[in-house]
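*Asks:* Mind looking at a prediction? Sequence and model below.
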Amino acid sequence: MRVLILGGSGFVGRSVADEAVRRGYDVTVFNRGRRAAPAGVSALTGDRLGDLSALEPGTWDAVVDTWSAQGEAVRRTAQLLSGRAGHYAYVSSRSVYAGTEPARAEDAPLVGVEDEGYAGDKLRGELGAAAFDGPVLLGRAGLILGPYEDIGRLPWWLNRLARGGPTLAPGPRELGLQYIDVRDLAVFLLDAALSRTAGAFDLVSVPGHTTMGELLDTANEVTGGRARLRWVEPAVIAAAGIEPWSQLPIYLPPGELHTFLHEGDVSKAYGQGLVCRPVRETVADTWAWMRGLPGAVPQRADRPRVGLDPAVEARVLGE
């Protein structure tokens, strides 16, 4: 299969490229060329908001689009590649759903097309993908973890636990988590291309695939077991002014936002063959990737850094 990845050097795109190469596919990536291309691919250089001339020749069986900014960029490539590709998969987000009610699967109400920020951009990207003249898959991913992560969520926790000592663990321990390993996302996208599957799919694990306790216990174990987890109730965290999700990555306390993000209906994706690997594999492989890096974990320039100030952590723990 001939696969074109729009992106291909960052988190999701690189994982799709790796999986496609592993399968023996003929893989082309298109990006600005600012980072080294994955091994085994052909690279085209251009700009999603500018020069697309490198994409004007050529045909592909499948396109995977990882763009996360202005939706106009998706429309441009979807139109340009119409008639020259067999399938178009756009990596969207469950953020396109409106409000914080539990997502009623893929037919839940969506944000407005005029909405500012990430959710609006992803919805406009979905609308842009509709310009493609063949089957279009909208992969509405939730929380994505795994090797190559350049947002910093799981890497922050792994580095913090590796540092050891008393460590603030946001409770309750049994709080369920719903996410997807980036490699399982890649497998689903490529399988969907093979079967020419179209439509919207919420791509995360089943609710409760793991818990906050299992995630942090596993991460502590694989990083050497030097941390002493001190479980802190949500009310104490809130009273300290600590922001869930940003200062305590991955974590959301029980409530509307947690229900929305971690209790979604994913029966459609599982019926289409989605398989999510155990949390231990995600954690261990991410740590192995981090330890093999020549320097710091890469950080996307368009996303804020995450993590808790050690002084704030010590104050809450009374250290």
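*Replies:* Thanks, I have it. Numbering: from 1, shown residues only.

*Asks:* Contacts only, for the nearest residue in space to residue 106 that is not next to it in sequence.
*Replies:* The spatially closest residue to residue 106, leaving aside those adjacent along the chain, is residue 200, at 4.4 Å (Cβ to Cβ, 6 or more residues apart in numbering). (Glycine included, C-beta is placed from N, CA and C.) Taking Cβ atoms under 8 Å, 6 or more residues apart in numbering, we find residue 200 in contact with 92, 106, 126, 138, 140.

*Asks:* what does residue 275 give?
*Replies:* Residue 275 sits in contact with 184, 187, where contact means Cβ under 8 Å, 6+ apart.

*Asks:* circling back: narrow the contacts of residue 200 to those that are buried.
*Replies:* Applying 16 or more other Cβ atoms under 10 Å to those, the neighbour count classes 92, 106, 126, 138, 140 as buried.

*Asks:* is it true that the first one touches residue 142?
*Replies:* Going back to what we said before, that points to residue 92. No: with contacts defined as Cβ atoms under 8 Å, residue 92 does not count as touching residue 142, sitting 10.8 Å away.

*Asks:* And the pLDDT for the residue nearest to residue 109 when sequence neighbours are not counted?
*Replies:* If you skip the residues right next to it in sequence, residue 109 has residue 98 as its closest partner in space, 4.5 Å away by Cβ to Cβ, 6+ apart. Predicted confidence (pLDDT) at residue 98: the value is 90.

*Asks:* Likewise for the one 5 residues further on?
*Replies:* Residue 103 is assigned a predicted lDDT (pLDDT) of 54.

*Asks:* Please apply the same query to residue 303.
*Replies:* Each residue has a pLDDT score; the one for residue 303 is 87.

*Asks:* That one: how many residues sit nearby?
*Replies:* Residue 303 has 13 neighbouring residues, counting by other Cβ atoms under 10 Å.

*Asks:* same deal with residue 115?
*Replies:* One way to gauge burial is a neighbour count; for residue 115, by other Cβ under 10 Å, it gives 17.

*Asks:* show me the contacts for the nearest residue to it once chain neighbours are set aside.
*Replies:* Ranked by Cβ to Cβ, 6+ apart and with sequence neighbours excluded, the top spatial neighbour of residue 115 is residue 123, at 7.0 Å. Contacts here follow Cβ under 8 Å, 6+ apart; on that basis residue 123 touches 71, 92, 96, 110-111, 113, 115.

*Asks:* Show the backbone phi and psi for residue 123.
*Replies:* phi -60, psi -40 (degrees, to the nearest 10).

*Asks:* what does the domain assignment say about this protein?
*Replies:* 2-144+180-203, 151-177+209-263+279-317 (automatic domain parsing).

*Asks:* Tell me which of these lies nearest to residue 272.
*Replies:* domain 2-144+180-203 (6.4 Å; Cβ to Cβ).

*Asks:* got any ranges where the chain has weak pLDDT?
*Replies:* Applying pLDDT under 70 to the predicted model, the residue ranges of the chain that meet it are 100-104.

*Asks:* now with 80?
*Replies:* Counting by pLDDT under 80, the chain has low-confidence residues at 99-104, 319.
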